[in-house]
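> Kindly return the folded structure for what I paste below:
(one chain, ligands or ions: 1)
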Amino acid sequence: MIFQDIMKKRNSLTEQAHQLILNHLKAGEFAIDATVGNGHDTVFLAKQVSDQGLVFGFDIQLQAIESAQTNLSNELNFKNTKLFNTSHENLSDFIPSQYHGRIKAIMFNLGYLPGGHKTIITQSDSTLLALNQAIELLATHGVLTIMAYPGHSGGKEETQQIKQWCKQLNMNEFDIEQINSSEKETAPVLFFIIKH
Ligand SMILES: C[S@@+](CC[C@H](N)C(=O)[O-])C[C@H]1O[C@@H](n2cnc3c(N)ncnc32)[C@H](O)[C@@H]1O
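Predicted coordinates:
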């Protein structure tokens, strides 16, 4: 039962992230999925920007990129995604310069690949390097979401580092919100950042 409760809350936080992005991302715009995984968020972003827009996706696991490609071709009858099998710390190098400062939504869903190796997880150092690039790539009124999971090994430290990173952002430039799925220390946390 506890497991089901946690999953329900985890789902609803992911849904909240999608809901928040829906208000900011339109057809024809550009988005990034910084942790592609099985591609559920990539599919969501790709549907939202439609065939005139473009979604860039990153994952260090080829297995994830392949799984996402399958989901994308099952769900969409157009191709508007470019997936890169590399770390998100290379965001700025892989995204062509004409898109820099024009990305309307960026999603980070940290942790491990569901159904994959639980030892291959996002790491604080590369996550922070990627987040620093992400805020530069964002357009005015663009939105960045970060789903963090303090409940798994290494996840607590990563979540703490993200909280610190949020604190040092310029409040005149960004709105920052933190949504906790419950009061439990191990419960997933959604960070939501809008660039003014
Ligand atoms: C929780 S899953 C993402 C779920 C995904 N957004 C979805 O909708 O299915 C986290 C993913 O981050 C990937 N990952 C770990 N470190 C990474 C890095 N440095 N750069 C990009 N992806 C990374 C993992 O391989 C894993 O697939």
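> Now the closest residue to I95 other than its chain neighbours. Its backbone dihedrals?
Closest residue to I95 apart from its sequence neighbours, by CB to CB, 6 or more residues apart in numbering: F56 at 5.5 Å. All C-beta atoms are positioned from the backbone trio N, CA, C, and that covers glycine. When quoted as degrees, to the nearest 10, the phi and psi of F56 stand at phi -100, psi 130.
> thinking F56 is in contact with L45, fair?
No - under the criterion of CB atoms under 8 Å, F56 lies out of contact with L45, with a separation of 9.4 Å.
> residues from the protein in reach of the ligand?
Contacts of the chain with the ligand, taken as CB under 6 Å from any ligand atom, map to 35, 37-41, 58-61, 64, 87-88, 109, 111-113, 120, 122, 126.
> For L169, which three-state class applies?
In terms of secondary structure, L169 is coil; the call rests on DSSP: H, G, I helix; E, B strand; the rest coil.
> surely it meets I194?
No - under the criterion of CB under 8 Å, L169 is not in contact with I194, lying 10.9 Å apart.
> Look at those two and report which has more neighbours.
For L169 versus I194, the count of surrounding residues by other CB atoms under 10 Å is larger for I194: 18 against 15.
> Please name the nearest non-neighbouring residue to that one.
Ranked by CB to CB, 6+ apart and with sequence neighbours excluded, the top spatial neighbour of I194 is D175, at 4.5 Å.
> Need the distance between the two termini of stretch 143-152.
Distance across stretch 143-152, first residue to last, is 26 Å (CA to CA, to the nearest Å).
> If you could redo that for stretch 117-130, that was the one I meant.
Taking CA to CA, the first and last residues of stretch 117-130 lie 22 Å apart.
> same check, this time on stretch 19-27
15 Å.
> what about K184, is that helix, strand or coil?
With three-state DSSP as the criterion, K184 reads coil.
> Look up how far L190 lies from it.
With distances defined as CB to CB, to the nearest Å, the gap from K184 to L190 amounts to 15 Å.
> out of those two, which sits in the more crowded spot?
In this view K184 and L190 are compared by other CB under 10 Å, and L190 has more residues nearby, 20 against 12.
> Secondary structure element holding Q161?
Secondary-structure element containing Q161, defined by DSSP states H and E: helix 155-167.
> Which elements pack onto the next helix or strand after that helix?
Stepping forward along the backbone from helix 155-167, the first helix or strand reached (DSSP H and E) is strand 174-180. Helices and strands in packing contact with strand 174-180 are listed as helix 155-167, strand 189-195; criterion 3 or more CB pairs under 8 Å, 6 or more residues apart in numbering; DSSP states H and E.
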